[in-house]
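Chemist: Sequence plus the predicted model coming up.
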There are 4 protein chains.
Amino acid sequence: MLNIGLLGCGRIGQVHARTILRLSGARVAAVSDAVPAAAEALAAETGASVMSSEALIDTGDADAVVIGTPTDTHYDLIHAAAAAGKAIFCEKPVDMSADRIRDCIRAVEAAGVPFMTAFNRRFDPGFADLQARLAAGEIGEPELITILSRDPAPPPISYIRSSGGIFRDMMIHDLDMARFLLGEEPVQVFAVGSALVNPEIGAAGDVDTAAVTLTTASGKICQISNSRRAVYGYDQRVEVHGAKGLLRASNILENNVEAATETGFRTAPARYFFLERYEAAYRAEMASFVDAVTNGSAMTPDIHDGLRAQMLADAATQSWQEGVAVVLA
Amino acid sequence: MLNIGLLGCGRIGQVHARTILRLSGARVAAVSDAVPAAAEALAAETGASVMSSEALIDTGDADAVVIGTPTDTHYDLIHAAAAAGKAIFCEKPVDMSADRIRDCIRAVEAAGVPFMTAFNRRFDPGFADLQARLAAGEIGEPELITILSRDPAPPPISYIRSSGGIFRDMMIHDLDMARFLLGEEPVQVFAVGSALVNPEIGAAGDVDTAAVTLTTASGKICQISNSRRAVYGYDQRVEVHGAKGLLRASNILENNVEAATETGFRTAPARYFFLERYEAAYRAEMASFVDAVTNGSAMTPDIHDGLRAQMLADAATQSWQEGVAVVLA
Amino acid sequence: MLNIGLLGCGRIGQVHARTILRLSGARVAAVSDAVPAAAEALAAETGASVMSSEALIDTGDADAVVIGTPTDTHYDLIHAAAAAGKAIFCEKPVDMSADRIRDCIRAVEAAGVPFMTAFNRRFDPGFADLQARLAAGEIGEPELITILSRDPAPPPISYIRSSGGIFRDMMIHDLDMARFLLGEEPVQVFAVGSALVNPEIGAAGDVDTAAVTLTTASGKICQISNSRRAVYGYDQRVEVHGAKGLLRASNILENNVEAATETGFRTAPARYFFLERYEAAYRAEMASFVDAVTNGSAMTPDIHDGLRAQMLADAATQSWQEGVAVVLA
Amino acid sequence: MLNIGLLGCGRIGQVHARTILRLSGARVAAVSDAVPAAAEALAAETGASVMSSEALIDTGDADAVVIGTPTDTHYDLIHAAAAAGKAIFCEKPVDMSADRIRDCIRAVEAAGVPFMTAFNRRFDPGFADLQARLAAGEIGEPELITILSRDPAPPPISYIRSSGGIFRDMMIHDLDMARFLLGEEPVQVFAVGSALVNPEIGAAGDVDTAAVTLTTASGKICQISNSRRAVYGYDQRVEVHGAKGLLRASNILENNVEAATETGFRTAPARYFFLERYEAAYRAEMASFVDAVTNGSAMTPDIHDGLRAQMLADAATQSWQEGVAVVLA
């Protein structure tokens, strides 16, 4: 039984807490949050103790920590948890600065603690099946990948102002997915973007509609597109072409009912809410973390994956701002 | 070049005439119709001569005849054409009476002329592909077949009154399809029916919604359903289950465009009009007739297929009227 | 918090116990099973007490009982639980004899206890959505319904011998679904069946491939087909036609990945295992029971639904055996 | 009846000739080809006269010319036909040089003759329906467009050497489609490409896998991807996102049969051959030309569309070669 300390009891912390409740090999031992009421509510639901984050990291009650606090607190918590010898599960992004992530890597590696970066989509059953079949050679080497990712609706402008921008806050998932599937590091990034959904997003210095092209040293190509709006649900698709064919993961609809009327055949929209869409992914992700800690096996995606995705997001942001293709070292 | 005489220049005669125009191995040599203007219009379009049906059958200009006249004229035309040694392509039903079809069989066999009964759906690319794969053993022997066939809208009541009823006029296509796929004669027929689309159809002594169950000696089962209404287009589907899986032919839609909006994902309706839906089938059917006459190869479906389908339609009608399962000899 | 006593700790009992664990408004208070080890294992998993069935029914610890024992024990347990004033959730079939179910109805109604018959498919999100939209008039009154239900593989012959036959053990779900959707009682049943999957099933006096036609007083028609085999997964489909169009629920596949290769486009098989296929249905079903008991609202499907489905299964069995359409009172 | 002179009797010339045969408002009056046997064969099939290209342009027998000769002959033929006052239907590309196309525009406009550039995909029923609905505002203004276009197999290396490269010979169709759908000129082009299908294509100075990003002045984005290989058939898809949803055109499969076996559900590959895939488009395209000439209505796509697509292809080629985003005047 792995004892987990939960740092941050907001929306994503609650997701992880409820996921852990359904796992047989782990339990929520302790929770902390800057807002005491949030910690207490989640403690009541999970049977965990409420602690300060310092106490939670110091206590012998937690073998591992789940970091779901605001991004700017990750750096210190990672350093403290690493120093305390805890296994670490950290929400993306690890940090907004690639250099600070490099600091975290040093701390984590010095302490020798396991570290998982929470790119949950790798654990989605569809994307995971697709990647496994691709890696097994079902269609040969990937040559051209299309990743399409559209949120059902834009976040508040206040969020946009502090998120680091669409490439760092939203497309980072797709950039990680590209790395997961390409099997090779992108060496060039080209990005364009527009504020078409909401001009206030543009006024805040960001875009809401964006497209990125990645290329690798061997010439593999990946096209990503993002939008902050999709009225027909949360649109999440991946398509990979290789010499022997294509593999693609389609959207998950709200239900399996179809109607046919004078206007044609109609199915339900795609699942709208990210928790519902990625419920299975969150479960598989946490199960993978618990298994890896328990069995001492390798973690993936690890902290280096967190760094590479951030570097790609930084490069995409720069490419969009400067209108040039950015070459990665 | 096969010279074809066309008996009957109504809707189906025009379909066949235009189909022949596009075939390289045949031409419309002569046409006849009880309505002179109809014959003249089609003659102008095809370059054929206008003749009386007697002259058309007697003339040496036609090697084969296509009979598309009203059903009650088929009997005499078949006898005359057989006596004149013409290859015969005859619209379904061959005749409304199984006994009279048996007379026709005797005349055709005595004359030794080729005879094709025009069950066009056997030549639909989808149904033909399905049947070929089934016959090749792709899913093993058929065990359970579902045939669903719905017209977009009911015919006029005047047509209903003289059509012989839904089982003889509409379901006969599905009964032939069942025989085509089962590879074995049905030995029992059970039918139910209701007038749900239009009560006037019920008042005319017919039904507009019907379901039939066929069983064969070895225990294969086929379920057929028919309706005179399908607001989403002409609904024509077949599904066959065997030990190794299923084969099915889906509807053909008006186009390949899909829209996604707040209400979900929507495609076009099914093709609405039978000529559009079965355009490829009409072409393949006539090409098959021309080829078989030209090469002296066997015809299928032949006049015996015409008889068996009529016997099944008669049995379904009786079963519906009497509420009992009817056993075929 | 509703305290539930679980009678029967076999496969279906375990499903219900694990479902209750995930509901916030109920808990498993006590469990019983003829095999003590089975009861103890489930008690350990749920934190329940182990009791004899008599003690469980007598104890004040349980407000409601879930009956998941062998069918021939239902009768006595229902009578005892009703006498003890417990709300009752009972697996299908309530009993193999319609007359004995009528006895149970008298006992349940005399005691005034709530009773749910566990036709789980009514709670499947797809079928429930379809029924709700049908009831709301989206396509008008149902006219013709097709229900297709195929198990992935046949049960052991030993099960076949005591199951009451395919119509009572397997098709009963589809007969209940037909009633759920038709909104009107079937008045005539016609059935055919064959042993095509396994001749031993035929030797045991049953069939493994079956088709039934139901008709209602107003002329609505329902076609059901069943097979004990579907190599491509658990095939569970419903299609309803009305004046304004069709509604259908398609299969749920193992995942949302599609491959395209030289042989075409290929998706995953349908979910194979009934627990996986109907996981959401089991959860919604138990939640509905707990809600109805807690709020004193009406139960559906109730014990009368259990009786009507059994009567239809009996009629189908008789129709198959005698080769005639059976009219229900 | 429009009399058409056909310049060039190769593969595409034959397509157009056979298409004209099926139109009621036009006929092939004369044909010419540098290879006399090719002209004679097509003359025999169509009933046309064989002439030299000069005679064909001079003769009063042809009201319009269809130019299907090699690209480097277009320039002179366009000038001659314009001078002779013929309506002109010209295969794409109009010329390999944008400046020479500008010369042609001057000649065509000076002569005041109608001119259609043969971007056949605009006439594909699916793409045409999609564009019409987009233009009608069904999903609002287009914001992000994805065009995916993959040939089933690469052309011979000899073709690659003289084609002008993938952006000019293959992607030009997609660049025109982008313009057709965007409703606004692209102002920036970024391209990447690799030789992944066949290294000989790379050795010949071209790529076989390519991706382009277009942006317009108002910020609309279009992603195009191309490959010279698609083992599952000719892959031709378009997807457009707007504020109110998406519109997409899917592939057209070889048939409508689906099989389900232990490995899942499988449909046919996409139609493999461009003539089969775009048969309806070629017919609608020629019908549109004949109608516009006959009725004196505006032609679309016209010669300016031919120029703009060529300019985009040139810009994409430059972007790929130089690794920079190219801004169009």
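Modeler: Received it, and whenever you're ready, just let me know what you need.

Chemist: mind giving me the domain ranges of chain A?
Modeler: A:2-113, A:122-282+A:308-327 (automatic domain parsing).

Chemist: okay, the ones you listed in TSV with distance to chain D, mean pLDDT and mean neighbour count next?
Modeler: Glycine gets a C-beta too; all of them are placed from N, C-alpha and C. Listed next are those as TSV, based on distance: least, Cβ to the nearest Cβ, whole Å; pLDDT from 0 to 100; neighbours: other Cβ atoms under 10 Å in any protein chain shown:
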stretch	distance to chain D	mean pLDDT	mean neighbour count
domain A:2-113	24	96	20
domain A:122-282+A:308-327	3	97	21
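
Chemist: ok, which residues in the stretch 201-329 of chain A are in contact with chain B?
Modeler: Neighbours of chain B within the stretch 201-329 of chain A, by Cβ under 8 Å from any Cβ of the partner chain: A:231-232, A:253-254, A:260-270.

Chemist: about what we covered before: in JSON lines: the domains of chain A, plus distance to residue D:5.
Modeler: Output for those, formatted as JSON lines (distance: least, Cβ to Cβ, whole Å):
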{"stretch": "domain A:2-113", "distance to residue D:5": "65"}
{"stretch": "domain A:122-282+A:308-327", "distance to residue D:5": "42"}
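
Chemist: before we move on, back to that, which one of the residues of the stretch 201-329 of chain A next to chain B is nearest to residue D:118?
Modeler: Nearest to residue D:118, judged by Cβ to Cβ, of these is residue A:264 at 31.2 Å.

Chemist: Columns distance to chain C on top of the domains of chain A, output as a markdown table?
Modeler: A markdown table is the format used below for the domains of chain A (distance: least, Cβ to the nearest Cβ, whole Å):
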| stretch | distance to chain C |
| --- | --- |
| domain A:2-113 | 8 |
| domain A:122-282+A:308-327 | 4 |
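
Chemist: still on that earlier bit, and the residues of the stretch 201-329 of chain A next to chain B, which two are the farthest apart?
Modeler: Largest separation among those by Cβ to Cβ: A:262 and A:270, giving 24.1 Å.

Chemist: my read is residue A:13 is in a strand, agree?
Modeler: No: according to DSSP: H, G, I helix; E, B strand; the rest coil, residue A:13 belongs to no strand; its state is helix.

Chemist: Now do the contacts for the closest residue in space to it that isn't next to it in sequence.
Modeler: Ranked by Cβ to Cβ, 6 or more residues apart in numbering or on different chains and with sequence neighbours excluded, the top spatial neighbour of residue A:13 is residue A:68, at 3.8 Å. Residues counted as contacts of residue A:68 (Cβ atoms under 8 Å, 6 or more residues apart in numbering or on different chains) are A:6, A:7, A:8, A:9, A:10, A:12, A:13, A:16, A:91.

Chemist: Show me which of those is closest to residue C:159.
Modeler: Using Cβ to Cβ, the contacts of residue A:68 come closest to residue C:159 at residue A:16, 42.6 Å.

Chemist: phi, psi of the closest one?
Modeler: Backbone torsions for residue A:16, taken as degrees, to the nearest 10, come to phi -70, psi -40.

Chemist: Does it touch residue A:286 like I think?
Modeler: Yes: with contact defined as Cβ atoms under 8 Å, residue A:16 counts as touching residue A:286 (6.2 Å).

Chemist: joint contacts of these two?
Modeler: residue A:89.

Chemist: Skip the chain neighbours and tell me the closest residue to residue A:82.
Modeler: Using Cβ to Cβ, 6+ apart, the closest residue to residue A:82 is residue A:111 (4.0 Å).

Chemist: That neighbour is in contact with residue A:88, isn't it?
Modeler: No: using Cβ under 8 Å, residue A:111 is not in contact with residue A:88, being 9.3 Å away.

Chemist: which residues are common contacts for those two?
Modeler: Common neighbours of residue A:111 and residue A:88 (Cβ under 8 Å, 6+ apart) are residue A:82.

Chemist: Not including adjacent chain positions, what is the nearest residue to the residue positioned nearest the centre of chain A?
Modeler: Nearest to the mean C-alpha position of chain A, by Cα atoms, centre = their mean, lies residue A:119 at 3.1 Å. Nearest residue to residue A:119, sequence neighbours excluded (Cβ to Cβ, 6+ apart): residue A:176, at 4.4 Å.

Chemist: Quick one: residues contacting residue A:308.
Modeler: A:176, A:179, A:185.

Chemist: what about it, which SS state?
Modeler: helix.

Chemist: ok so, going back, quick one, which of the domains of chain A is nearest to residue D:298?
Modeler: domain A:122-282+A:308-327 (30.5 Å).
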